[in-house]
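# when you get a sec, could you give me coordinates for this:
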Amino acid sequence: MGLFVKKLSPEEELPSSIHPPVLLLHGFCEDHTIWENMLSAFPGRTIYLVDLPGFGKSKVELPNPLSIDWVAEVIYRQVIDPEKIEPIVVGHSLGGYVALAMAEKYGNSLKGLCLFHSTVFADSGEKKATRNKVIDYVTKSGVESFTTEFVPGLFHSLFRRKNPDIVEQVVGLASGTRLDTLTAYTAAMRDRPERSEVLKMFEQPKLIIAGEKDGAVPLEQSLLMTEMVGSDQFVLLEETAHMGMYEQPEACKKALSSLA
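As a prediction, the model looks like this:
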């Protein structure tokens with residue numbers, strides 16, 4: 001099996017020249033289903049939902065070492081190029097890293113870019129060390145042990161207490177990740193380059209959606225990206241961590257519809 005792509009075509013499609021299609025890229029230990037709450041933000045548009053190589057239904061053999069650039073190339077070659085589309089690309093966390101890599105090489109083929117709880121900055125030395133610990137831990141203790149501890153922390157504590165069923169749903173999704181996928185992507189995220197200039201120079205509409213309480217992308221880092229997109233295209237979700245599509249779905253849909 002290859003890359004899994006789900007194409008959603010509206011009954012009455014708006015002209016793509018004015019209303020380009022949308023490509024949604026999920027984050028680490030996720031699949032395309034995390035976007036279900038966001039689909040209504042794009043009425044009249046064709047939507048492409050992709051499982052990144054190795055995640056979900058994309059049963060793809062990963063190279064060793066894996067790179068974010070390789071992932072971006074696969075998606076471009078298997079989705080954007082054959083479909084002859086110029087999409088708005090929305091990337092959650094890891095998906096944002098992939099979107100930036102696509103923008104760096106194929107920026108002229110994209111009509112918009114959204115970093116959804118993601119960042120242009122490379123890992124700090126401390127973050128790299130944490131990635132290495134993750135690889136060691138999951139190799140010794142297994143995927144389920146890691147995801148059971150890792151995933152709940154992506155949600156704000158207030159949300160976790162009020163919505164344990166949603167948190168458990170996402171934990172279950174993450175627990176299905178292949179071991180080789182988890183370790184390969186952890187190393188790829190650790191080794192990815194900074195792409196501040198890519199976001200600064202991207203000429204099409206761009207958007208940052210950030211969580212005030214996001215432990216994965218600290219607020220200080222998100223605020224540094226404001227000048228790269230303009231303050232009117234920076235949306236800060238209060239009392240929200242890393243999973244805005246669940247924690248603040250209406251605010252996220254409103255933000256995404258402004259980009260589209």
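
# how close does K254 get to V50?
Distance, K254 to V50, using C-beta to C-beta, to the nearest Å: 24 Å. Using the backbone N, CA and C atoms, a C-beta is placed for each residue, glycine as well.

# who's more crowded, these two?
Remark: of K254 and V50, V50 carries more neighbours, 26 against 12, as counted by other C-beta atoms under 10 Å.

# residues touching the one helix or strand that one maps to, excluding its own?
Assigned by DSSP states H and E, V50 belongs to strand 47-51. Residues outside strand 47-51 that contact it (C-beta atoms under 8 Å, 6 or more residues apart in numbering): 3-8, 21-26, 31-32, 35, 39, 57-58, 75, 79, 83, 85, 87.

# report the contact partners of the residue nearest the centre of the chain.
Centroid-nearest residue in the chain: H92, 2.0 Å away (criterion: C-alpha atoms, centre = their mean). Contacts for H92 (C-beta under 8 Å, 6+ apart) come out as L25, H26, G27, E30, I34, F116, H117, S118, M245.

# run the last query once more with 10 Å
The contact partners of H92, by C-beta atoms under 10 Å, 6 or more residues apart in numbering, come to 24-28, 30, 34-35, 38, 99, 114-118, 209, 242-245.

# one more: S118?
If you count contacts by C-beta under 10 Å, 6+ apart, S118 has them with 25, 27, 90-100, 208-210, 216-217, 222, 225, 242.

# which of those residues fall within helices?
Judged by DSSP state H, the subset of the contacts of S118 located in helices is L94, G95, G96, Y97, V98, A99, L100, S222.

# and which of these is nearest E194?
Relative to E194, the closest of the ones in helices among the contacts of S118 is L100; by C-beta to C-beta it sits at 9.6 Å.

# that older thread, each with direction, which strands does the strand holding V50 pair with?
Strand 47-51 pairs in its sheet with strand 4-8 (antiparallel), strand 22-25 (parallel), by DSSP bridges.

# of those, which is nearest L236?
Using C-beta to C-beta, the nearest of these to L236 is strand 22-25, at 21.3 Å.

# coming back round to it: the strand holding V50: how far from the chain's middle?
12 Å (C-alpha atoms, centre = their mean, to the nearest Å).

# next SSE after that strand?
Downstream of strand 47-51, the first helix or strand assigned by DSSP H and E is helix 68-75.

# where in the stretch 151-260 of the chain is pLDDT low?
The stretch 151-260 of the chain contains residues with pLDDT under 70 at 260.

# which stretches of it form helices?
Under the criterion DSSP state H, counting those that start in this stretch, the stretch 151-260 of the chain contains helices at 157-162, 164-175, 179-191, 196-201, 219-224, 226-229, 244-247, 249-259.

# which of those sits most buried?
Most buried of the helices of the stretch 151-260 of the chain by mean neighbour count (mean count of other C-beta atoms under 10 Å) is helix 244-247; its value is a mean of 22.

# about what we covered before: quick one, which of the helices of the stretch 151-260 of the chain is nearest to N64?
Ranking these by their distance to N64 (criterion: C-beta to C-beta) puts helix 179-191 first, at 7.1 Å.

# the closest one to helix 68-75, inter-axis angle?
120 degrees (axes from the mean of the first three to the mean of the last three C-alpha atoms, to 10 degrees).
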